[in-house]
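**Student:** What would the 3D arrangement of this be:
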Amino acid sequence: MVIFPSRTNVSSCVSAQQRGSLFWKVTCASALAVTACLAPLPSALAASSVTCDTAYYSAHALSALSAPDSGLPRSSAAFTSALASEDWLSVALLCPGRYSEGIVRSALSAVNSSSPASTPSAREIASTLTSAPDAEPFLLSPTLRALSLAEDRYRFAASVLATRDYSGPDYVSLLTDAELLSQTYAHLVTDSSTDTRQRIYDTTSLTNYSGTNSTTGITMPVYASIELDAALEELTAVDKDSSSQSSQTDAAMDQRARTVALSIRGHLLRALAAGAPRVIELYLN
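**Tutor:** Down below sits the predicted model:
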């Protein structure tokens, strides 16, 4: 029988790290290694008892356990990173003022994890967000417009790179997905304000790309740069929306909020995979 490590066990492991207890380090490493092979990865939000405080404490504890200097075997640290990634996602959704921190830390933990982080497809995202058209809006109209604009910019950037960056990913697929997401967000806007999407944008930063992302000043490949720009623009938009942290019990609302978070995290994951530095301080003010 596999015993999944509870938050109490995690806390004991962290205390052991701090005390330097060899017994607990070995015990935790062994338990996590076995669990990594046999136990399914849970969703932190699936537990109704999860609160901002419990998610935040657990995320920090798991991140400490998975740190390079923790002493855990690589396989155990990688599995712990996957758990930390889920808890940081919960932090983004449950903790006021910690949306960007939660998403960025979730992405950074995910790239070091033992299981691939899942990002819903554009069709799945669109389906989830539009499945309850008469439900209470889960994001304010200005936020939805900003998300729509960010995806439209990303779509245009992908269309430009499709004719220039032949060593990059499937840009045609990316721009098609971005177009669907941009239109989905625009469709969800409930007020009568003007659509701010321009369809065509300045190409200077793409055609004369210097190897440095203009938003952060960080050196990275051009594809990583457009993914990072999309992620940061969308994080800024949701950060300003007080309704993005869901304390409601409405399961549909929670699912929609989680889907948006996974979509934004997907941009970050692709940026990190394409060469953006894996240093959290570079992305959080």
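
**Student:** Read off the pLDDT value for F79.
**Tutor:** pLDDT, F79: 84.

**Student:** Which SSE is immediately downstream of the strand or helix carrying it?
**Tutor:** Assigned by DSSP states H and E, F79 belongs to helix 74-94. Next in sequence after helix 74-94, counting helices and strands by DSSP H and E, comes helix 99-111.

**Student:** Quick check: mean pLDDT of that next one?
**Tutor:** 95.

**Student:** helices and strands around it, which ones?
**Tutor:** Under the contact criterion of 3 or more CB pairs under 8 Å, 6 or more residues apart in numbering; DSSP states H and E, helix 99-111 touches helix 52-66, helix 74-94, helix 222-239, helix 251-273. (C-beta placed from N, C-alpha, C; glycine too.)

**Student:** what residues are up against D165?
**Tutor:** By CB atoms under 8 Å, 6 or more residues apart in numbering, the contact set of D165 is 171, 222-223.

**Student:** could you measure it against R123, distance?
**Tutor:** According to CB to CB, to the nearest Å, D165 and R123 sit 25 Å apart.

**Student:** now S263, nearest residue through space, not along the chain?
**Tutor:** I125 (5.3 Å; CB to CB, 6 or more residues apart in numbering).

**Student:** do the same with A224
**Tutor:** A274 (3.8 Å).

**Student:** so where is this structure shaky, pLDDT-wise?
**Tutor:** 1-48, 69-71, 114, 133-136, 242-253 (pLDDT under 70).

**Student:** Distance from the chain centre to stretch 218-228, please.
**Tutor:** From the chain centre to the centre of stretch 218-228 is a distance of 17 Å (CA atoms, centre = their mean, to the nearest Å).

**Student:** For burial, what's the neighbour tally of G275?
**Tutor:** Neighbourhood size, G275 [other CB atoms under 10 Å]: 15.

**Student:** what does T163 give?
**Tutor:** As a burial measure, T163 scores 8 neighbours (other CB under 10 Å).

**Student:** hang on, the earlier thing: is it possible to export the helices and strands packed on helix 99-111 to CSV including distance to F138?
**Tutor:** As requested, the helices and strands packed on helix 99-111 are exported to CSV (distance: least, CB to CB, whole Å):
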stretch, distance to F138
helix 52-66, 18
helix 74-94, 11
helix 222-239, 11
helix 251-273, 5
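
**Student:** L268: what's its closest spatial neighbour, skipping adjacent residues?
**Tutor:** Nearest non-adjacent residue to L268, counting by CB to CB, 6+ apart: A107, 3.9 Å away.
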